[in-house]
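Student: Kindly return the folded structure for what I paste below:
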Amino acid sequence: MIEQVKSKSTPARKPAGKVGVPACLFALLAVLLAMVFERIGLLASAGAWVHEAFVRMGFVELLPVGLPVVWALLALNSFGLSWAVLDSPQLWRRVVLGLGVGVITAAWAPVLATLGYDLPVVPLLVGIFWAWFCATIYAQQHRMPCDAPLTKPATMDSVS
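Tutor: The predicted structure follows:
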């Protein structure tokens, strides 16, 4: 009976988390999710709205960027974001990383439009959001290597 009370009063420790394999899995899931959404046409109306906004701004003849290029960009971005989120020690840093990558990715569309390319930015943003969301939830539920407690550095007095 006393052992049961002790186990309820002490908080359960989080399991140890990894960085490499989960980052790869989250990036793969993000690319697959964006591919499926694009394939079934779930993102078509949002993509058309973005394209129409560029046409209203005067970008009339835009060359479409091929989907293999989009998937490669998404794979690189989602892997990098997942890795960075899993290797960042606090939630506010993880949120800043996600917002920063999202804003930078959204900013690619007008930059490439000035060069004459139509980048389908909506699948990129969906995939990046999913990679960030998965990595953040995983990092909050696990004790990550970057979450190790800080120790005092050795002083000269303790060395001798």
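
Student: Give the rounded mean pLDDT of stretch 142-160.
Tutor: Here stretch 142-160 scores 66 as its mean pLDDT.

Student: Report the contact partners of residue 31.
Tutor: Going by Cβ atoms under 8 Å, 6 or more residues apart in numbering, residue 31 touches 71, 74, 75, 78, 127. C-beta here means a position set from N, CA and C on the backbone, and glycine is covered the same way.

Student: Where does it fall, secondary structure wise?
Tutor: Residue 31 belongs to helix 20-39 when assigned by DSSP states H and E.

Student: Give the buried residues for that helix.
Tutor: Residues of helix 20-39 classed as buried by neighbour count (16 or more other Cβ atoms under 10 Å): 22, 23, 26, 27, 29, 30, 31, 33, 34, 35, 37, 38.

Student: Heading C-terminal from that helix, find the next helix or strand.
Tutor: Beyond helix 20-39 in the direction of the C-terminus, DSSP H and E gives the next helix or strand as helix 44-56.

Student: For that following helix, which outside residues touch it?
Tutor: Residues outside helix 44-56 that contact it (Cβ under 8 Å, 6+ apart) are 62, 109, 110, 113, 118, 120, 121, 122, 123.

Student: so what strands line up beside the helix or strand following that helix?
Tutor: Using DSSP H and E, the next helix or strand after helix 44-56 towards the C-terminus is strand 63-64. Taking DSSP bridges as the criterion, strand 63-64 sits next to strand 117-118 (parallel) in its sheet.

Student: So what touches the strand it pairs with?
Tutor: 51, 54, 62, 63, 64, 65, 112.

Student: what does stretch 81-98 give?
Tutor: For stretch 81-98, contacts defined as Cβ under 8 Å, 6+ apart pick out 17, 19-20, 22-24, 26-27, 30, 101, 128-129, 131-132, 134-136, 138-140, 144-147.

Student: Quick check: end-to-end length of that stretch?
Tutor: One end of stretch 81-98 sits 7 Å from the other (Cα to Cα, to the nearest Å).

Student: Can you mark which positions in the helix ranked longest in the chain are buried?
Tutor: In the chain, with assignment by DSSP state H, the single longest helix is helix 91-114. Neighbour-count burial for helix 91-114, counted by 16+ other Cβ under 10 Å, picks out 94, 97, 98, 101, 102, 105, 108, 109, 112, 113.
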